[in-house]
Every structure is written in structure tokens, then in C-alpha cells.
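K.L.:
3D, please:
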Amino acid sequence: MTVNRFSALVAVGLMVWTVGCSSSTPKPTVPEASTSEATTPTTKPVEQPASTTDVPKSKEPTAPAIPVTIDANSAAGTVTKTLQTLEQGNLAEAYDFLPPSYQADIDGLIHEFANRMDPEVWSRLIGTARKTINVLKTKKELILDLDLFRNRPEVEPYRKSWDSSLEILSHLSNSDAAELASLKNVTARSLLPGKASATPQQFDAIGLALGANLARQFAGVTVTPVRTDGTEEVIAIRGPTDEEPAEVAYVKHDGRWLPKSLVDHWDEGIKADRVWLEKLPARIKVVKPQILEALSQADEILDQLAAASNREQFEQAAGPAILSLATAWPNLQLLARQAMTGESTLPSVTITINRQLSEAEAGKFTATVLKPLNEAGSDYTFLANDGRTFCRLQRIDDMIALQVTLATYFKVPAADVKYDRDASTITIDLDR
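P.N.:
Here you go, the predicted structure:
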């Protein structure tokens, strides 16, 4: 999608896309920008095959592995060097894989975004982001001590990357990107952390946010030249857990080795981004009141969390905050999608059950009702808390059918599944 591509170009997504975040699906890797002489990188050593003869032999010293030397200025060489730069967390230098003309295109998109984005909405978004970061910083121990996080193994990676993640978010919320007036003059490269500011821990935090261990994946990638015809080079790229390498064709463009597919589709992609930006002001205008209202509600909750001085006060504020987030977040996603794409959306609904379902009941309800709806195209958020159960469903194409499904599942009369169209809610009263 245009929105995804534009966001990726502004940050690190394009680099991640060209290298690949999935540990199971090999994807193409970004080329390195620099064509200057450098220390010649190598791929992993190639070990000699073991003997298969049945004749016993005396033990002999194993022959040393023979490294495959790669020309530093070839596609394989420049890709290898870029991977090393990414492993170090130097995103600004790695971004130079793009030639100056491509970087100028991206800078132009950023400047156009700054000119077309609604100043009030942007200012409020940044303000709420800063409040969120402040709460996450100052209430770290209280947050991690909540029942939602305490002693849960799946939370441990976030606990380890907490401070590093906040450092990155703080950098972004206080950078030139935070002010539209400054954003009109920045370069995309200046928004990325460089060698002096980035650390492997920070880079791991970025990967965690994207759902991938980026530094480790970059470190484990093997790059091997396959063939060349003088104008095009094909290299094999294999991740640390990939069963087979992926062959990617590279061509030189403005002195840089780039994936051929990127070069072939660059101009049409930039053109599509510009069309999207032309429509952005009108789309933002449609959903602006709802966005500002949602941000006001978020600010109020964040102020309550920030004011809590002890665990009891924080838990009293955190319970409603988590509940509000669980029910409001899907709607905010829909508003953002409408603002970015202009797509109309199917109705959403919040289901409220008058008692808190047990873990077993919640699991059965999710498997029997929610997952089939999700497979049919409806997203859901589920939360059983504070004596009640809440479920937010997005994109419901048949509300009557949903009411019938709920009545049948809970074995109650259809009239007891009460739908309020104006409030977009369904309430269900069950025996306690």
C-alpha cells in the first residue's frame, strides 16, 4: 500500500523490506550505497565435504575452511557491507544504499507531507505521544508490576528493551519530525539514528517493535555471488534459519547497486505516493473531530496515570485505562485507515457481557465465535476484566447475523442480545 511504502521510506521500513524480516521467508536484501574502496567483505567460510569412503583412515588435521573472497564493489560486496552497517545499528549510513536522486524523491515526499498535514492534528498527536513516553518512563516499575505483565515469560523481551525503545521514541518525538515547520526542510537521512547515537540494544528495540530480531538476522545472513552478465548481477541471500537461499537480481542505478525490482517500480511508486498526499488534507478533514476527541480522552487517562504516586493509585487508574485502550484502539485504527486511504469501513460494534468470563469460557468463546469472524474479515479485541467482558469487533457485514450467533452461542433469547445502533454496542446479560 502507498501509506505503508511512504512510512517505510521515512523510517527504516524500506531497508527492512529489502533485507526481509521473516525468519522463514527469504527476501531481497538492500544494496550498499558506497562504491568507494573498503575492506573486502567475505561470506561465511565454505567447509570441505567429509569423506564418504568405507576404508578406515587415520585421523588427520582438518583442512582450514576456504573463505570466498568477494569484490567490495560488486553487488554481493556492497550488500554484505550494508548488512554489517545495519548490524551495528547505523541506520543513517545504511540508508545511503539509495542513490542521491532517490533520496531527493523521498525528501520531497516528506516536505509535501509536512505541507499538507493538518497542523492541529499533528501537534496533538505529538503531544499525546510525549505524554505516553513520559508515563512509560516514570511509571516503568509500576507498569511492569501490573498483573498484565508480572511473571509472564512472553513479556520478558519487552522488559529488556524497555529503556532502549523509549530512547528511540523520545528521539523521534523531539526531533525535527515533531514540528511540521521543521519537517518541511529535513532530509530523511537526518531522522535516522547514526553511528554515534545508535547502539545494538536500540536496534534490537526497533526489531522488537517490528516483530523481528533485526540485528541477529542481519548478522546471520550469507551473501554469495551467483552469476553476472556485466550489467546485472544475481546474488544468493540466505538468512540464518532459511532452508534455501533466495536469488535476487541487482542492477546499477546512479552508481548504486539496487534490486532490479526496486529500480523497475520506483517511479510509479513515487507517483502513487504523491497522488496519496494530494488527497490527504480532505481525508484528514473528514475524521478530524473524532481524532481530536480520541486524543483528548487519551490525554485525560495519561494525566491520571502520571499523577499516581503509589502502586494502589496507579492500579486504580490503570484498570480503566487498559479497558479504554482495548475498546478504543480498534476505532482509532479505523479512523487512521480512513484518514490515510479514504476507504469507507463496515460498522464496528462493542459487545459488553455483564460478567467476567472465566479463562476456559473466554477460550471457548474466542475459538467458537471470534476466530470464525476474524477469518471472514472481522478484526477483534477481547478483554475480560473488572467483573465484565468486553469485545470490540471491526468490519461487521451482517449485524443481525451476529446477534443471532451470539444468542445461539449463549443460549439466550434473541431479544436479550440488545443492539444499540447509535452507540454501536451490543449488551448481553448472562446468569452470574
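K.L.:
Neighbours of Thr381, how many?
P.N.:
By other Cβ atoms under 10 Å, 19 other residues sit near Thr381. For the C-beta atoms, the positions are set from N, CA and C on the backbone; glycine is no exception.
K.L.:
Any stretches of the chain with poor pLDDT?
P.N.:
Within the chain, the segments meeting pLDDT under 70 span 1-69, 148, 154, 195-219, 322-346, 385-386, 432.
K.L.:
domains of it?
P.N.:
Using automatic domain parsing, the domain parsing of the chain gives 2-43+68-276, 346-432.
K.L.:
Quickly note the distance from Ser182 to Ala92.
P.N.:
Here the criterion is Cβ to Cβ, to the nearest Å. By it, Ser182 lies 17 Å from Ala92.
K.L.:
Which one of the two is surrounded by more residues?
P.N.:
Using other Cβ under 10 Å as the criterion, Ser182 and Ala92 rank with Ala92 on top: 20 against 12.
K.L.:
Secondary structure class of the residue lying closest to the more buried one once chain neighbours are set aside, three-state.
P.N.:
In space, and not counting its chain neighbours, Ala92 is closest to Gly194: 3.9 Å by Cβ to Cβ, 6 or more residues apart in numbering. Taken by DSSP: H, G, I helix; E, B strand; the rest coil, the conformation at Gly194 corresponds to coil.
K.L.:
swap in Ala92?
P.N.:
helix.
K.L.:
quick one: the strands in the stretch 301-432 of the chain?
P.N.:
Taking DSSP state E, counting those that start in this stretch as the test, the strands found in the stretch 301-432 of the chain are 349-353, 380-385, 388-393, 417-420, 425-428.
K.L.:
Output those strands in TSV, with distance to Asn174 appended to each entry.
P.N.:
As requested, the strands of the stretch 301-432 of the chain are exported to TSV (distance: least, Cβ to Cβ, whole Å):
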stretch	distance to Asn174
strand 349-353	35
strand 380-385	31
strand 388-393	32
strand 417-420	43
strand 425-428	39
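K.L.:
among those, which is nearest Lys139?
P.N.:
Among those, strand 380-385 comes nearest to Lys139, with 19.2 Å by Cβ to Cβ.
K.L.:
Please identify the buried residues of the closest one?
P.N.:
For strand 380-385, burial by neighbour count (16 or more other Cβ atoms under 10 Å) applies to Tyr380, Thr381, Phe382, Leu383, Ala384.
K.L.:
just to revisit the earlier point, got CSV for the domains of the chain, with distance to Gln297 too?
P.N.:
CSV is the format used below for the domains of the chain (distance: least, Cβ to Cβ, whole Å):
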stretch, distance to Gln297
domain 2-43+68-276, 10
domain 346-432, 15
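K.L.:
Deepest-packed of the ones you listed, please.
P.N.:
Comparing the domains of the chain by mean neighbour count (mean count of other Cβ atoms under 10 Å), domain 2-43+68-276 ranks first with a mean of 17.
K.L.:
For that one, what is the distance to the chain centroid?
P.N.:
Taking Cα atoms, centre = their mean, to the nearest Å, one finds the center of domain 2-43+68-276 at 11 Å from the center of the full chain.
K.L.:
still on that earlier bit, looking at the strands of the stretch 301-432 of the chain, which is closest to Lys137?
P.N.:
Of all the strands of the stretch 301-432 of the chain, strand 380-385 comes closest under Cβ to Cβ, at 25.2 Å.
K.L.:
which other helices and strands contact that closest one?
P.N.:
In this structure, strand 380-385 packs against helix 311-341, strand 388-393, with contacts taken as 3 or more Cβ pairs under 8 Å, 6 or more residues apart in numbering; DSSP states H and E.
K.L.:
residues in contact with the helix or strand where Val135 lies?
P.N.:
Assigned by DSSP states H and E, Val135 belongs to helix 119-138. With contacts defined as Cβ atoms under 8 Å, 6 or more residues apart in numbering, helix 119-138 is touched by 143, 162, 166, 169-170, 173-174, 178, 180, 284, 288, 291-292, 295, 298-299, 302-303, 305-306.
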